[in-house]
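K.L.:
I'd like to go over a predicted model; first the sequence, then the structure.
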Amino acid sequence: MTTTEVTHKVQLVDGKFTAMEALDVINSLLDEKINFHKIHRLAMCEGNIDSDTGFDDSRMAQLLREKENFSAMYQEAKRAGKQFRINGILEVEIID
């Protein structure tokens with residue numbers, strides 16, 4: 001797989017958030033990705049129950065772990081009355 005330079009950037013998130021707002025933002029983004037992999041896995045299995053869904057399964061597990069990890073950060077920040085700074089840039093490349 002050959003990559004080219006980044007051809008497009010999308011600023012998904014940029015700002016300061018309370019702990020509760022940050023929890024909502026992060027969980028929403030992670031939930032969307034988890035749902036993407038669930039739907040992709042379902043589409044692969046439609047008509048072929050033996051499809052290899054290993055990548056989607058492992059990616060969903062990884063994203064669920066990230067939700068758990070962020071939950072711990074959220075609890076700590078909430079207790080301390082801290083805010084979050086979130087900067088999320090999606091970089092898009094055209095590849096071969």
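P.N.:
Perfect, thanks for sending it.
K.L.:
Any idea which helix or strand in the protein has the lowest mean pLDDT?
P.N.:
The weakest-scoring helix or strand in the chain, judged by mean pLDDT, DSSP states H and E, is strand 3-17 (a mean of 89).
K.L.:
pretty sure F84 contacts G15?
P.N.:
No. Here F84 lies out of contact with G15, judged by Cβ atoms under 8 Å, at a distance of 9.2 Å. Every C-beta, even on glycine, is put in place using the N, C-alpha and C of the backbone.
K.L.:
For the two, indicate the residue with more neighbours.
P.N.:
Neighbours per residue (other Cβ atoms under 10 Å) separate F84 from G15, with F84 holding more: 18 against 12.
K.L.:
Which strand residues bridge the more buried one?
P.N.:
In this structure, F84 bridges to F17 when assessed by DSSP bridges.
K.L.:
Contacts only, for the closest residue to N87 other than its chain neighbours.
P.N.:
The shortest distance from N87 to any non-neighbouring residue, by Cβ to Cβ, 6 or more residues apart in numbering, is to D14 (5.5 Å). Contacts here follow Cβ atoms under 8 Å, 6 or more residues apart in numbering; on that basis D14 touches I86, N87, G88.
K.L.:
How about L30?
P.N.:
Counting by Cβ under 8 Å, 6+ apart, L30 makes contact with L63, E66, K67, F70.
K.L.:
Could you give the number of residues near the second one?
P.N.:
In this case it means E66. 16.
K.L.:
do the same with the last one
P.N.:
Look at F70: counted by other Cβ under 10 Å, it has 16 neighbours.
K.L.:
Equivalent analysis for the first one, please.
P.N.:
Residues contacting L63 under the criterion other Cβ under 10 Å number 17.
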